[in-house]
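Colleague: got a predicted structure here, sequence first:
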Amino acid sequence: MNIQESILAGVQLAFQNIFNADVPLDQLALAPTRKEFEGTYTFVVFPFLKISQTTPENTANQIGSYLQENVPEVAGFNVVKGFLNLELNNQIWIGVFQELLSNKNFGQLPPNGQKVMVEYSSPNTNKPLHLGHLRNNFLGYSVSQILKANGYEVIKANLVNDRGIHICKSMVAYQHFGNGETPESSGLKGDHLAGKYYVIFDQEYKKQIAELVASGQSQDDAKKNAPILLEAQEMLRKWEAHDEEVVSLWKLMNEWVYAGFDETYKRMGVDFDKFYYESDTYLLGKDIVEEGLEKGVFFKKENGSVWVDLTAEGLDEKLVLRGDGTSVYITQDMGTADLKYEDFKINKSVYVVGNEQDYHFDVLYKIMRKLGRSYGDGLFHLSYGMVDLPTGKMKSREGTVVDADELMQEMVDTAESHTKELGKIEGFNPEQATELYEMLGLGALKYFLLKVDPKKRMLFNPQESIEFQGNTGPFIQYSHARIASILRKAKQIGVEYNQVDFSKVSKVEDSEAALIFLLNDFEKKIAQAGESYSPSIIAQYLFDLAKEYNRFYADVPIFLENDPALVAFRVALSELTAQTIKKGMSLLGISVPERM
RNA sequence: GGUCCUGUAGCUCAACCGGAUAGAGCAACUGCCUUCUAAGCAGUAGGUUUCAGGUUCGAGUCCUGACAGGAUCACCA
């Protein structure tokens, strides 16, 4: 039984013995005491005044005395208005600490027998990844890690958008203006090469529109009639008809793009267990339309188009199949949802997709539930806000994006110059130095994107946004390196701190108690982050933990202590903190250095 | 116009299913490196939580209505 539980059990008994009332445990809760008051946990008595039939102060005092007498952990208490602040004996933290040490799987909750798929990244194969994709990929990877730590079996999936009119646009432009350029001949990464022609298409398209307008067409007509657009549409038709020439160009350009993506994913530190390709899945879902018609979930209009009526759920009527029998976006998504289930028999499915598709996924999930899918309740859209630039929204086809590869390189370069400025690379060989810059640059970037609630849109200012001080990745990485240094010294001077019984530790400083309190919270935070699919909870926790350790570090000189039991305790406490930081950062996909 | 999301210090963000005097970081200002890594620590200053009502012992949090920003509402993907 942990401390909170035993205190709450005591509170329950207090109500029984003093007020002769049965209060169910789930109505009792402890909150951490605010810093400005004495105490560790606070019990709020306001909700129970009806039971006690007396003033808040009286109620709190009576419960407090009872706890002090009957619950060994409670050393004292004070009452401020209706708040009962419980003061714990610092010694009890030793027991808590021992328990944490004895947990071999600290930070990994036991398997829960559930399978979850996390779909993320899902790039288009006509252009390189940009800042928005970074947020998506980091979120998806981190949520996968967090779910694993919660005991799920996780399948990371990438649904590659490798077909459609936008792909054909790059292809058409390449045919016209490519002159046989290849990644090798140009020295461009494959995805950047494809992206270059996507931009060229748009420029040419706009030029043609202007010409048509000049020759008397309306803006709308010109947009529809521009020859290069017609060409792209024709190419899509040929692709769907398996035209050999088109398909081979498509394959060639996709190969280039995949090679480029591989590099980018590797640097981002993300990976996948399963790839789905829209070129394989875009025809799926028509059988589900049939099924839905039979079940009466869908209905048919006079022209043969099929719809679902979601007005009772507060949404609109939504098309699921065109009158000519061809698919729309959601048709294929229904099919893919089933495919994922058939492949892996998943209980839950998380889609990491931007918030501009909130409505779409709302509709999709309602449909799958109406169809009675077993995984219906496990569908979750992890919706995240766009990343805006000071100059406004990013648009690939206009070239106003922060490119993912460039940004990562910039971050690593900044980390390098920053580290050199601080003179922190003595004793590093070139490989180690490179590894460190990579760790710090990516760590700063990932932490920056993950510490914020995903729902919020965020402004990214390339000049100012990424810091290395304060609430940042490098601050936490630094804290880890600091502890690693302590541990090296402990080893060097021969401090034995494993398998030691710390019950002989004579006194526990406040900063030590606070640190153990936080460490004791780690698994709770993991659970919370898992339930809400929210890496920001972990990020916030790690910042608090690192901050608390640095406070302890400044307050308590570890090796100047004479009592060997105390030294051992402090080293062991440092080590557990380091392990927790490392484990926690790995949940964010961030590595931590031994030295920096 | 309908629906959804967001609005907290100059800036970037917190606030545990309604709890105390709303907390951090950055930027500004003060201290602390002959002692375990100063990418650190301690401190000062900074707020009518967009606004107006309501619910109750108690509201940044819940309800209603405004206001501001964004997204979405295609036989596009």
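Modeller: Great, that's in hand.

Colleague: pretty sure residue A:500 sits against residue A:572.
Modeller: Yes: using CB atoms under 8 Å, residue A:500 is in contact with residue A:572, at 6.9 Å. Every C-beta, even on glycine, is put in place using the N, C-alpha and C of the backbone.

Colleague: relative to residue A:156, how far out is the residue in chain A that RNA strand B sits nearest to?
Modeller: Nearest residue of chain A to RNA strand B (CB to the nearest atom of the strand) works out as residue A:470 at 2.0 Å. Shown here: residue A:470 relative to residue A:156, a distance of 32 Å by CB to CB, to the nearest Å.

Colleague: who has more neighbours, these two?
Modeller: Shown here are residue A:470 and residue A:156; by other CB atoms under 10 Å, residue A:156 has more neighbours (22 against 9).

Colleague: wait, a strand at the more buried one?
Modeller: Yes: assigned with DSSP: H, G, I helix; E, B strand; the rest coil, residue A:156 falls within a strand.

Colleague: what separates it from residue A:175, distance-wise?
Modeller: To residue A:175, residue A:156 is 35 Å away according to CB to CB.

Colleague: look up the closest residue to residue A:333, ignoring the ones flanking it.
Modeller: Spatial nearest neighbour of residue A:333, chain neighbours left out: residue A:364 (5.3 Å); criterion: CB to CB, 6 or more residues apart in numbering.

Colleague: spell out which parts of the stretch 351-500 of chain A neighbour RNA strand B.
Modeller: Listed as neighbours of RNA strand B in the stretch 351-500 of chain A under the rule CB under 7 Å from any atom of the strand: A:355-360, A:385-386, A:393, A:415, A:418-419, A:422, A:424, A:436, A:440, A:451-453, A:455-459, A:467-472, A:474-475, A:478, A:481-482, A:484-486, A:489.

Colleague: excluding sequence neighbours, find me the nearest residue to residue A:344.
Modeller: Distances taken as CB to CB, 6+ apart place residue A:155 nearest to residue A:344, at 5.5 Å, with adjacent residues excluded.

Colleague: how near is that neighbour to residue A:127?
Modeller: Taking CB to CB, one finds residue A:155 at 27 Å from residue A:127.

Colleague: neighbour count: these two, which is higher?
Modeller: Each of residue A:155 and residue A:127 has its neighbours counted (other CB under 10 Å); residue A:127 has more, 24 against 19.

Colleague: not counting sequence-adjacent ones, nearest residue to that one?
Modeller: Sequence neighbours aside, residue A:195 is the residue nearest to residue A:127 in space, at 3.7 Å (criterion: CB to CB, 6+ apart).

Colleague: so which strand or helix has the one you found?
Modeller: Per DSSP states H and E: residue A:195 is located in helix A:190-214.

Colleague: where does the residue nearest to residue A:344 land on pLDDT?
Modeller: pLDDT, residue A:155: 98.

Colleague: confirm for me that it is in contact with residue A:273.
Modeller: Yes: the pair residue A:155 and residue A:273 qualifies as a contact (CB under 8 Å) at a distance of 5.0 Å.

Colleague: all strands of the stretch 101-250 of chain A, in order?
Modeller: A:115-119, A:153-160 (DSSP state E, counting those that start in this stretch).

Colleague: name whatever forms a beta bridge with residue A:308.
Modeller: Beta-bridge partners recorded for residue A:308 (DSSP bridges): residue A:298, residue A:318.

Colleague: how near is it to residue A:377?
Modeller: The gap separating residue A:308 from residue A:377 is 18 Å, by CB to CB.

Colleague: just residue A:289 next, same as before
Modeller: Residue A:289 is 22 Å from residue A:377, by CB to CB.

Colleague: checking residue A:423 next. Helix, strand or coil?
Modeller: Three-state assignment for residue A:423 (three-state DSSP): coil.

Colleague: ok, and what's touching whichever strand or helix holds residue A:334?
Modeller: Using DSSP H and E, residue A:334 maps to helix A:329-344. If you take CB atoms under 8 Å, 6 or more residues apart in numbering as the criterion, helix A:329-344 is touched by A:115, A:117, A:119, A:155, A:157, A:159, A:274, A:276, A:278, A:281-289, A:318-321, A:346, A:349, A:360, A:363-364, A:367-368, A:373-375, A:379.

Colleague: now list the buried members of those.
Modeller: Among these, those that count as buried by neighbour count (16 or more other CB atoms under 10 Å) are A:115, A:117, A:119, A:155, A:157, A:159, A:276, A:278, A:281-282, A:284-286, A:288-289, A:318-321, A:346, A:349, A:363-364, A:367-368, A:373, A:375, A:379.

Colleague: just the ones of those residues in strands?
Modeller: Counting by DSSP state E, the members of the buried ones among the contacts of helix A:329-344 that fall within strands are A:115, A:117, A:119, A:155, A:157, A:159, A:276, A:318-321, A:349, A:379.

Colleague: could you identify the most distant pair in those residues?
Modeller: Between any two of those, the greatest separation by CB to CB is 31.9 Å, found for A:115 and A:319.

Colleague: which intervals of chain A have sub-threshold pLDDT?
Modeller: Within chain A, the segments meeting pLDDT under 70 span A:1, A:390-400, A:462-464.

Colleague: check contacts around the residue nearest in space to the middle of it.
Modeller: The residue lying closest to the centre of chain A (CA atoms, centre = their mean) is residue A:139, at 3.1 Å. With contact taken as CB under 8 Å, 6+ apart, residue A:139 is in contact with A:120, A:352, A:382, A:384, A:449, A:450, A:454, A:535.

Colleague: can you flag which of these belong to helices?
Modeller: Counting by DSSP state H, the contacts of residue A:139 place A:449, A:450, A:535 in helices.

Colleague: of those, just say which sits nearest to residue A:97.
Modeller: Of those, the one sitting nearest to residue A:97 (CB to CB) turns out to be residue A:535, at 26.9 Å.

Colleague: wait, that closest one touches residue A:142, no?
Modeller: Yes: judged on CB under 8 Å, residue A:535 makes contact with residue A:142 at a distance of 4.1 Å.

Colleague: now for these two: what residues contact both?
Modeller: Listed contacts common to residue A:535 and residue A:142 are A:450, A:587, A:588; contacts here mean CB under 8 Å, 6+ apart.

Colleague: in TSV: those, plus neighbour count and distance to residue A:180.
Modeller: Formatted as TSV, those follow (neighbours: other CB atoms under 10 Å; distance: CB to CB, whole Å):
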residue	neighbour count	distance to residue A:180
A:450	24	42
A:587	28	46
A:588	27	44
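
Colleague: for residue A:67, state which of these is nearest.
Modeller: Looking across these and measuring by CB to CB, the closest to residue A:67 is residue A:587, at 35.6 Å.

Colleague: does that closest one touch residue A:146 like I think?
Modeller: Yes: using CB under 8 Å, residue A:587 is in contact with residue A:146, at 5.3 Å.

Colleague: where do the contact lists of those two overlap?
Modeller: Counting by CB under 8 Å, 6+ apart, the shared contacts of residue A:587 and residue A:146 are A:526, A:529, A:535, A:538.

Colleague: out of the residues you listed, list just those in strands.
Modeller: Among the shared contacts of residue A:587 and residue A:146, none falls in strands (DSSP E).

Colleague: farthest pair in those?
Modeller: A:526 and A:535 (11.0 Å).

Colleague: more neighbours, these two?
Modeller: More neighbours surround residue A:535 than the other of residue A:526 and residue A:535, with 27 against 24 (other CB under 10 Å).

Colleague: which residues sit in contact with that one?
Modeller: Residue A:535 is in contact with A:138, A:139, A:142, A:143, A:146, A:450, A:454, A:529, A:587, A:588, counting by CB under 8 Å, 6+ apart.

Colleague: can you rerun that using 10 Å?
Modeller: Residues near residue A:535 by CB atoms under 10 Å, 6 or more residues apart in numbering: A:138-139, A:141-143, A:145-146, A:446-447, A:449-454, A:529, A:587-589.

Colleague: quick check on the closest residue to residue A:263 other than its chain neighbours: phi, psi?
Modeller: Among residues not flanking residue A:263 along the chain, residue A:189 sits closest, at 6.6 Å (CB to CB, 6+ apart). For residue A:189, the backbone dihedrals (degrees, to the nearest 10) come out as phi -60, psi 140.
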